[in-house]
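Asks: when you get a sec, could you give me coordinates for this:
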Amino acid sequence: MTVASTTDWGDLLVVAASGREPPPRKELARVAASVERATPEGWDRFVTEMLGGQGLHADDGAVELARGRAGGEDWLLQARPPEREGPPPPGADQRAVDPCLKLATGRRVCARNGSEMESSTNAVAYTHDPIAEGERFPPFTVTQTTLRGAKVRVRTPAGEASADLHPIPGGGGASAAVVFVGRPGIFGCEDRPPQAGPDLGVDVLDPDGGVVACVG
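Replies: Numbers count the residues shown, from 1 in each chain. All right, here's what the predicted structure looks like:
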């Protein structure tokens with residue numbers, strides 16, 4: 001059973017019911033007639049009641065690590081219980097960094113192509129390539145490490161950028177960062193010969209800007 005109408009402010013409104021004994025059409029029409037346009041304040045109250053808070057926030061069981069704005073959209077980096085399939089990220093205990101950024105629109109934009117440090121298990125990096133993913137959201141790199149560092153720097157032919165490392169609560173001593181720069185490419189370190197590149201370097205930096213290690 002379905003009733004369709006147009007609101008006073010020009011939106012199409014559809015009220016539908018199903019089941020063994022759906023309400024009569026008259027009842028659905030009454031529901032449609034009771035709909036009112038939400039005010040900004042009323043919408044904020046609704047979001048608070050339904051999601052436990054206004055605006056962008058971490059998922060249930062997850063914790064916020066960082067937030068910002070890129071490509072005209074607000075984003076949030078969070079840590080959540082690690083997936084059971086596949087090897088866990090370095091230091092993953094109760095939580096690990098989520099390689100997907102949560103956007104204020106409700107979408108998630110994910111970094112892929114994990115690269116572990118050569119002959120090591122204390123860092124991993126993931127990249128988001130908007131061209132490969134058919135996305136308009138800017139490219140970024142997410143890194144998780146158990147190394148003692150202050151920042152993560154990403155180097156590309158187009159330039160470089162860095163961002164603070166954030167401790168992961170329940171992360172076994174690990175920390176994580178998200179860096180927006182250039183278009184992701186092939187991982188590689190300057191101190192070893194390139195194979196098919198490299199055109200993407202990810203460094204863990206100490207508080208003075210010195211390189212602790214390269215994620216390659």
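
Asks: and residue 125, what element?
Replies: Per DSSP states H and E, residue 125 falls inside strand 123-128.

Asks: tell me how far residue 173 lies from residue 143.
Replies: 15 Å (Cβ to Cβ, to the nearest Å). (Each C-beta comes from the backbone N, C-alpha and C, glycine too.)

Asks: repeat that for residue 180.
Replies: Taken as Cβ to Cβ, the span from residue 180 to residue 143 is 13 Å.

Asks: looking at those two, which is more packed in?
Replies: Neighbour totals were compared for residue 180 and residue 143, and residue 143 leads with 31 against 17 (other Cβ atoms under 10 Å).

Asks: show me what the more buried one bridges to in the sheet.
Replies: Per DSSP bridges, the residues bridged to residue 143 are residue 125, residue 177.

Asks: that one contacts residue 111, doesn't it?
Replies: No: contact criterion Cβ atoms under 8 Å: residue 143 and residue 111 do not qualify, at 9.5 Å.

Asks: picking that back up, so what's the gap between the strand holding residue 125 and the chain middle?
Replies: Mean-position distance between strand 123-128 and its chain equals 13 Å (Cα atoms, centre = their mean, to the nearest Å).

Asks: in CSV, list the C-alpha atoms belonging to it.
Replies: Taking Å, rounded to 0.1, in the frame of the first residue of the first chain, the C-alpha atoms of strand 123-128 are listed here in CSV:
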residue,chain,number,x,y,z
ALA,A,123,54.8,-0.1,9.9
VAL,A,124,52.2,-0.3,7.1
ALA,A,125,50.9,2.3,4.7
TYR,A,126,47.8,2.4,2.5
THR,A,127,47.1,4.8,-0.4
HIS,A,128,43.9,6.2,-2.0
